[in-house]
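In: Sequence first, then the predicted structure, then my questions.
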Amino acid sequence: MSNTNLSNSYEEEFDQELVSIFLEEAEEILQQLDEDLLTLEKEPGDPETINSVFRALHTIKGSAGLTGLSSVSNFAHLIEDVLDTFRREGSRIPDSHMMVILDSIELLKKMVTALTKGGMEDLQERAEEIKELLNFIVDLSPQETAPSQTESTFGVKRYRIHLNFDPDLFSTGTDPLLLIDELSQKGELKKINVSLAELPELETLDPQTLYLKWVIVLDTEQPKEEIEQVFIFVEEALEIEEISFQDDLEQLAEKNLEDLIVEEGLVDSQEVEKAKENEKSWGDVLVEKGKVAPKQVENLASERKQAQESREVTTIRVNTEKVEQIMDQVAELAIYQSRIKNLVMDKMAISASSDETRNVFEEIDKVTRQLQEEVMGVSMVPIGNTFVRFQRMVRDMAREKSKKVDLVISGKETELDRKVIEQITDPLKHMLRNSLDHGLEFPEERQKAGKDPTGKIHLKAYYREGGIVIEIADDGKGLDPDKIWEKAKEKGLVEEGQKLSRDEIMRLPFQPGFSTAEEVSDTSGRGVGLDVVYNNISALRGTVEIESEKGIGTRFRIRLPLTLAIIDAILIKLGQNQVLVPITSIIEFLSLSSDQVRSVTGKRPIVQFRGDYIPLVSLSEILGLEANAQTINEGMVIVVQDQRRRAALLVDEIVDQEQVVVKSIKENYSHVEGVEGATILGDGNVALIIDVPSVIRMGLNQ
């Protein structure tokens with residue numbers, strides 16, 4: 001095998017449009033490559049994973065070459081050469097070689113990333129070092145020889161093989177089953193269909209006569225001649241046709257069952273036509289006559305259904321800015337549609353045709369909402385792509401810290417708005433690093449504590465109550481409430497003699513500058529930077545909480561909305577003002593009387609709610625707006641929650657539930673405490689959307 005030289009040209013001229021397309025494709029491939037490499041590191045001899053990595057590198061090499069990125073293409077080709085050695089030999093990759101391969105692909109990722117920053121000059125020295133190691137591995141491998149006649153050079157192909165043997169085949173001493181068994185050595189038998197159509201009744205059956213026919217689908221790397229060689233003595237019985245994988249799937253999905261049963265070789269078309277003349281189902285008739293077995297029809301129907309469900313979906317790449325523009329336009333459409341509805345309904349309040357008009361507007365409402373949801377769905381992406389990126393980070397950090405850890409990921413298919421994912425990546429990265437560095441013990445410590453030396457970090461996502469929950473849980477030493485309390489007193493975060501509940505103590509790590517680390521490092525301290533994590537998540541209208549048990553482990557639970565663009569909210573009135581409360585923060589609506597309110601000296605009034613007492617907060621006072629309801633007898637109460645803190649908000653009245661488009665107050669005006677954003681209602685008025693966590697905090701501090 002000849003060595004592949006890495007181009008020394010690190011100042012190549014690129015077509016930026018082609019580079020942009022390449023980067024989009026490479027990002028997806030490299031993410032999958034990270035996942036495959038972690039699997040390969042655990043199972044260095046797994047042929048399926050080696051093939052997957054090889055195909056990924058081959059794709060990057062080809063795409064980079066077409067784009068004119070010879071540096072990337074040549075480097076990927078060199079790694080591909082190394083992998084091809086183990087791929088062809090089917091051997092296990094030695095640990096020393098595995099480290100070189102991992103480092104090589106990490107450098108390849110940096111080379112791709114460097115394209116967005118103008119060049120790869122800074123990577124040249126490291127690339128030359130790794131190139132020497134890769135060439136050394138290639139030189140150690142046996143030299144490639146010319147392929148033999150039985151060695152494949154064609155790649156995997158799919159063939160449909162019809163076997164229609166002579167009825168007197170047995171008299172020649174030939175066993176068709178042995179021939180089919182020999183055929184299985186040439187590749188993978190994807191399907192074997194046996195036709196029973198010519199099988200006679202038992203009393204007329206001649207045991208010396210062959211009545212069966214076969215239709216076999218074979219996936220193989222062998223040339224067609226190798227298949228023909230198996231049936232060289234009965235070649236008149238053989239019919240071979242090459243079929244494409246996609247066409248095979250499409251035909252299975254699109255054709256009706258009666259055509260498929262003929263094509264699959266179970267019966268001929270005349271038998272089907274005869275069966276259709278009967279009043280019964282043609283399938284039942286064929287089964288009753290013994291032309292097909294019941295299981296054969298069931299299996300074919302099941303395969304057809306699966307093909308229809310798994311048919312490849314055609315996709316196109318769209319610039320995210322265009323998607324955001326479409327979403328903004330749809331949002332504006334919804335606002336104006338609502339305004340038109342209000343204007344028309346006001347004018348036609350007494351008209352006899354108002355019911356019909358109302359029905360039309362209800363249909364328009366329905367279609368507009370569906371359009372919003374469809375457009376919003378375009379910007380939703382699986383969070384698994386982000387999760388996979390953390391696998392390599394955790395692996396590298398565990399090696400650096402001399403710890404053993406398994407990162408267990410679940411819920412990768414859970415979808416979230418692209419903007420939310422972009423902004424949640426850094427907080428998740430920080431929390432994972434803290435879990436590994438400060439949460440998990442060293443292997444010897446874990447053994448002394450009776451634990452598995454290999455720690456576990458679970459990263460999972462799932463839907464809950466109209467949003468998404470992300471959990472990061474480790475089986476480490478957990479957080480010690482007493483230690484947190486002492487640290488908080490030491491840093492002046494709590495006053496002498498102040499009493500806090502366990503839940504309140506567990507929220508202290510989110511205070512700025514709080515840390516329980518014994519020594520300072522770039523990652524140490526479960527609380528290092530958790531105030532930044534909290535602020536970032538709050539900015540996404542999310543919440544984060546900690547659950548921990550000393551010696552057992554710690555769990556971070558993050559709750560986020562699915563999208564930042566559109567929310568469901570309850571419209572309320574405060575005097576002449578209309579305000580929206582996000583529905584995900586609302587627990588319950590209450591109508592209370594003054595005798596249900598309790599006064600507490602030096603603190604806010606409280607109301608009883610589900611066996612507990614929660615503070616009563618006047619929303620109008622918090623926002624500085626005038627309200628009609630001055631007492632609880634004159635208004636309504638909305639119970640809201642942020643993490644485990646609850647409050648009862650006093651409002652004038654509850655108007656309706658709305659799906660609204662969030663507009664930023666900060667970008668268009670300035671930051672307003674207690675306000676998350678604003679929206680334009682159907683009547684053209686602006687309504688504020690309250691920030692529930694801020695409102696609760698402000699209410700409790702007043």
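Out: Sure thing, it's come through.

In: so where's the stretch 351-500 of the chain shaky on pLDDT?
Out: 351-354, 465-466 (pLDDT under 70).

In: Tell me where it has strands.
Out: Assigned strands in the stretch 351-500 of the chain, in chain order: 380-382, 405-410, 415-417, 455-464, 467-474 (criterion: DSSP state E, counting those that start in this stretch).

In: check which helix or strand covers Leu23.
Out: Using DSSP states H and E, Leu23 maps to helix 16-42.

In: Would you map out the domains in the protein?
Out: For the chain, automatic domain parsing gives the domain ranges 16-140, 157-310, 320-378, 381-561, 566-701.

In: average pLDDT for the second one?
Out: Over the span of domain 157-310, the pLDDT mean works out to 76.

In: And the helices in the stretch 51-200 of the chain?
Out: 70-89, 95-114, 124-140, 176-184 (DSSP state H, counting those that start in this stretch).

In: looking at the ones you listed, which is buried most?
Out: By mean neighbour count, with neighbours taken as mean count of other Cβ atoms under 10 Å, helix 70-89 ranks first of those at a mean of 21. C-beta here means a position set from N, CA and C on the backbone, and glycine is covered the same way.

In: so what secondary structure elements neighbour it?
Out: Contacts defined by 3 or more Cβ pairs under 8 Å, 6 or more residues apart in numbering; DSSP states H and E place helix 70-89 against helix 47-67, helix 95-114, helix 124-140.

In: out of those, which comes closest to Arg392?
Out: With respect to Arg392, and counting by Cβ to Cβ, the nearest of those is helix 95-114 at 7.7 Å.

In: Show me what that closest one is packed against.
Out: Against helix 95-114 (3+ Cβ pairs under 8 Å, 6+ apart) you get helix 16-42, helix 47-67, helix 70-89, helix 124-140.

In: could the ones you listed go into JSON lines alongside distance to Arg389 and mean pLDDT?
Out: Converted to JSON lines, the helices and strands packed on helix 95-114 look like this (distance: least, Cβ to Cβ, whole Å; pLDDT from 0 to 100):
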{"stretch": "helix 16-42", "distance to Arg389": "7", "mean pLDDT": "76"}
{"stretch": "helix 47-67", "distance to Arg389": "15", "mean pLDDT": "78"}
{"stretch": "helix 70-89", "distance to Arg389": "20", "mean pLDDT": "79"}
{"stretch": "helix 124-140", "distance to Arg389": "21", "mean pLDDT": "76"}
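
In: With respect to Ile586, which of the ones you listed lies nearest?
Out: Nearest of the helices and strands packed on helix 95-114 (Cβ to Cβ): helix 16-42, 37.4 Å.

In: If you drop the residues flanking it in sequence, what lies closest to Met23?
Out: Actually, residue 23 is Leu rather than Met. In space, and not counting its chain neighbours, Leu23 is closest to Leu115: 6.4 Å by Cβ to Cβ, 6 or more residues apart in numbering.

In: separation between that neighbour and Glu106?
Out: 16 Å (Cβ to Cβ, to the nearest Å).

In: cool, and Val292?
Out: 56 Å.

In: One more: Gly439?
Out: Using Cβ to Cβ, we find Gly439 at a distance of 25 Å from Glu106.

In: And Ile93, by the same measure?
Out: Going from Ile93 to Glu106 by Cβ to Cβ gives 16 Å.

In: all strands of the stretch 501-650 of the chain, in order?
Out: So, for the stretch 501-650 of the chain - with DSSP E, counting those that start in this stretch - the strands run 543-549, 553-561, 566-574, 577-582, 586-590, 597-598, 606-609, 612-618, 636-642, 645-651.

In: I'd like these written out as JSON lines, with distance to Leu286 and mean neighbour count added.
Out: Shown next, in JSON lines, are these (distance: least, Cβ to Cβ, whole Å; neighbours: other Cβ atoms under 10 Å):
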{"stretch": "strand 543-549", "distance to Leu286": "61", "mean neighbour count": "19"}
{"stretch": "strand 553-561", "distance to Leu286": "55", "mean neighbour count": "21"}
{"stretch": "strand 566-574", "distance to Leu286": "54", "mean neighbour count": "21"}
{"stretch": "strand 577-582", "distance to Leu286": "60", "mean neighbour count": "21"}
{"stretch": "strand 586-590", "distance to Leu286": "60", "mean neighbour count": "14"}
{"stretch": "strand 597-598", "distance to Leu286": "78", "mean neighbour count": "14"}
{"stretch": "strand 606-609", "distance to Leu286": "67", "mean neighbour count": "17"}
{"stretch": "strand 612-618", "distance to Leu286": "69", "mean neighbour count": "18"}
{"stretch": "strand 636-642", "distance to Leu286": "63", "mean neighbour count": "21"}
{"stretch": "strand 645-651", "distance to Leu286": "67", "mean neighbour count": "23"}
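
In: who wins for proximity to Ile654 among the helices and strands packed on helix 95-114?
Out: helix 16-42 (45.6 Å).

In: buried ones in that closest one?
Out: By 16 or more other Cβ atoms under 10 Å, the buried positions in helix 16-42 come out as 19, 22, 26, 29-31, 33-38, 40-41.

In: Just give me the closest of those residues to Val639.
Out: Using Cβ to Cβ, Gln31 comes nearest to Val639 of these, at 42.3 Å.

In: List the contacts of the closest one.
Out: By Cβ atoms under 8 Å, 6 or more residues apart in numbering, the contact list for Gln31 reads 385, 388-389.
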